[in-house]
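Undergrad: dropping the sequence and predicted coords here.
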Amino acid sequence: MSISSLRLLSNVIAQAVDTFEGAYARAGVEFPLLDEAYDPADPSEVLRSDPAVEAASMNLVAAAAQITAVARQPVVTALVSGHAFQNLVGLHAKEIAAPSRADPGLIARILRLLASHHIFLEVSPDVFANNKISSTLDKGKPSAVLFEKPEDRLNGTTGSAALLEFLGDECFKSASQLGDALLDPEGEQNPMTRAFQLKEPMFNWFTRPENRSRSNRFDLAMHGTAASEPIELIHKGYDWSQWAAGSVVVDVGGGLGTTSMEVARKYPGLKIVNQDLAPTIENAKAHWMQHFPAHVEKKMVELQVHDFFQPQPVKNADIFMLRHVIHDWSDEKAIVILRHLRDAAKPTTQIVVVENVVPLASPAGASQDSSVSHIPGAVVPQSPPAPLLSNRGVAMAMLYYYDITIHNLIGGSNRTLQALIKVFKKSGWELVRIHRCPGPEGKCHIVGVPI
Ligand SMILES: C[S@@+](CC[C@H](N)C(=O)[O-])C[C@H]1O[C@@H](n2cnc3c(N)ncnc32)[C@H](O)[C@@H]1O
């Protein structure tokens, strides 16, 4: 990369800063400070989801990461990346070292590492406080209460802390086995199976009584994905209004039913069937009674135990929705799931797969290739400014981290469009349309009809 490319990157950064400055000045609010606690309702945080601010933020993150990669010694970048898994460990400030009976010196060193990544503040030597980033994980309870009843620690939280715990536990421990599995082609290929000595896939293992707290944490963690992917996005792609009252939406592997609940709130005439494994459906019943009892009382939602590797019992579905489900599984298993839905479908049934379509990092990456350009929504409308990577690099890193994490846990993958088309076709569905939701993550609603 030449010096002029560095200049181009710094121009991208300067332009993004201009956009931030203009938007905050016009709204008359201060830009949020990192040293303050996080409050999602604060106008300065709300303004972050303004489309222009969001786009500028993506460019700024991508350019800042790219200019860092160029400017820093390559070996230092490689070594810092090699330690990146440590960023996933969320810890409290020094004063809770006593109830946790951890070594306060070690706690301080870990917190200092996090503070160096702008997570927590070291306000004076060995004294740490929350900042905006660490406070997103606050469980809202004093540490004495948390340690008195650790099994209740996540109750009543948004799910962000549950998601981080899941990343630091099952995901991190599984990731430690990825290299060994790769270099042992004759041995066990699934990193989580190696790490936890499993005899069954993660989700079946979760249903064991001794894993109830892991399963509860996972359900809450999935609910917590709403923090980075606002739940209203379900209305910003697929057109739910095309379906008359009485139409049946089956949320396959729906978890607590967070997404179908949002659909039902806006279209209360739709009948929801939320399907999942038994322990999750038990949690889903409590979740719906707490958050949308009216729909339960009107019998407009059925919370049904169903294993999606078995024939689909609902034969009158208008929509089968699968959010973050197909990406959990290998092609072979995803085809079994979708084939059961195809066998139960009416000619007019649609499937709506809610997940990301992975852009390649190559120059053609964002738009995929011309063989798919006839599919509405296949081509990404906007390319990032040069010389940013076509997939916006580190600004989209989460997508690629999750891709590898899903592989480590259960052998699934975040798929490219071509891979999705293939899986749809092999299970009797034609991928007809993609709705790209606004926002940094680029979540897609991928629509299929029976072949
Ligand atoms: C990644 S989560 C997504 C949950 C939900 N759709 C959401 O977006 O929050 C995958 C879901 O698939 C469920 N699941 C896994 N194996 C299953 C099976 N064999 N049958 C039914 N559900 C299953 C899990 O319990 C979990 O709730």
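TA: Now that the structure is in, tell me what you want to look at.

Undergrad: next structured bit after the helix or strand bottoming out on mean pLDDT in the chain?
TA: The element with the least model confidence among the helices and strands of the chain, by mean pLDDT, DSSP states H and E, is helix 74-82, at a mean of 62. Counting by DSSP states H and E, the next helix or strand C-terminal to helix 74-82 is helix 97-100.

Undergrad: just say helix, strand or coil for I351.
TA: Under DSSP: H, G, I helix; E, B strand; the rest coil, I351 falls in the strand class.

Undergrad: in the sheet, who's paired with it?
TA: Under the criterion DSSP bridges, I351 forms beta bridges with F320, G448.

Undergrad: and if you look at the one 5 residues further on?
TA: N356 has the following beta-bridge partners by DSSP bridges: K443.

Undergrad: let's see the pLDDT reported for it.
TA: Predicted confidence (pLDDT) for N356: 90.

Undergrad: and if you look at L60?
TA: Looking at L60, its pLDDT reads 90.

Undergrad: what about it, distance to the ligand?
TA: Noted for L60: a distance of 29 Å to the ligand, by CB to the nearest ligand atom, to the nearest Å. Heads up, the C-betas are built off the backbone N, CA and C, glycines and all.

Undergrad: give the contact list for that residue.
TA: For L60, the set of contacting residues under the criterion of CB atoms under 8 Å, 6 or more residues apart in numbering consists of 12-13, 16-17, 20.

Undergrad: please pick the buried ones from the residues you listed.
TA: For these, burial is judged from neighbour counts taken by 16 or more other CB atoms under 10 Å, and it is met by 12-13, 16, 20.

Undergrad: how about a markdown table for the residues you listed, with secondary structure and pLDDT added?
TA: Compiled in a markdown table, these are given as follows (DSSP: H, G, I helix; E, B strand; the rest coil; pLDDT from 0 to 100):
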| residue | secondary structure | pLDDT |
| --- | --- | --- |
| V12 | helix | 91 |
| I13 | helix | 92 |
| A16 | helix | 93 |
| F20 | helix | 92 |
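
Undergrad: can you list those in a markdown table and add distance to the ligand?
TA: Written out in a markdown table, the entries for these read as follows (distance: CB to the nearest ligand atom, whole Å):
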| residue | distance to the ligand |
| --- | --- |
| V12 | 33 |
| I13 | 34 |
| A16 | 31 |
| F20 | 31 |
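
Undergrad: from those, which two are the most distant?
TA: Using CB to CB, the two most remote members of these are V12 and F20, lying 12.9 Å apart.

Undergrad: out of the buried ones among the contacts of L60, who's nearest S330?
TA: Ranking those by separation from S330, with CB to CB as the measure, puts V12 on top at 38.2 Å.

Undergrad: show the contacting residues for the closest one.
TA: 59-60, 62-63, 385, 388.

Undergrad: tell me the residues of this structure that contact the ligand?
TA: Neighbours of the ligand within the chain, by CB under 6 Å from any ligand atom: 203, 222, 253-255, 258-259, 276-277, 280, 307-309, 323-325, 328.

Undergrad: hmm, which of those are the buried ones?
TA: For the residues of the chain next to the ligand, a burial check counting by 16+ other CB under 10 Å picks out 203, 222, 253-255, 258-259, 276-277, 280, 308, 323-325, 328.

Undergrad: look up the closest residue to the residue in the stretch 351-451 of the chain positioned nearest to the ligand, ignoring the ones flanking it.
TA: In the stretch 351-451 of the chain, no residue comes nearer to the ligand than V354, which is 7.1 Å away by CB to the nearest ligand atom. Among residues not flanking V354 along the chain, R323 sits closest, at 3.8 Å (CB to CB, 6 or more residues apart in numbering).
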